[in-house]
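Asks: Structure for this input, please:
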Amino acid sequence: MRSTRYTKEFKEMVIEEIKQGADVAQVARKHEISPKTVYNWLNRAKHKDWENTDPSAKKTSSYVPTPQEFRQLETENERLKRILGDKDLEIAILRDLLKKTNPGYRTK
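Replies: This is a model prediction of the structure:
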């Protein structure tokens, strides 16, 4: 298989077609290129875009709740745990009842 070198301008043109909404497979067929090659070009272009991104835009900020919000979250978490416990207990009771009324029934 012969390897073909494509110019930077050609690669950019193909990538731009795809960014405009064209399908990778169609663009690859149109230019008689392997779709895998086109995907490789796209991945490289994404990495270049990421490298050229402003460093301040790459930083992620972490949310730290205030003490009041933290207490509210803890309260809600405890309430949800109680509800979950009640539901688990209800399911266990219903399974026991089902076993008593239907002895042939098996549960996990």
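Asks: least trustworthy helix or strand in this structure by mean pLDDT?
Replies: Among the helices and strands of the chain, helix 55-58 carries the lowest confidence by mean pLDDT, DSSP states H and E, at a mean of 66.
Asks: now the helices: where do they sit in the protein?
Replies: 8-19, 24-30, 35-51, 55-58, 67-101 (DSSP state H).
Asks: List the buried residues for the third one?
Replies: For helix 35-51, the neighbour count (16 or more other Cβ atoms under 10 Å) marks 38, 41, 42, 45 as buried. Heads up, the C-betas are built off the backbone N, CA and C, glycines and all.
Asks: Looking at these, spot the one nearest residue 90.
Replies: Nearest to residue 90 among those: residue 42, at 51.6 Å, using Cβ to Cβ.
Asks: if I read this right, that closest one contacts residue 15, doesn't it?
Replies: Yes. Counting by Cβ atoms under 8 Å, residue 42 touches residue 15, with 6.2 Å between them.
Asks: so how far is residue 80 from residue 66?
Replies: Look at residue 66 and residue 80: by Cβ to Cβ, to the nearest Å, they are 21 Å apart.
Asks: My error: substitute residue 64 in the last question.
Replies: 22 Å.
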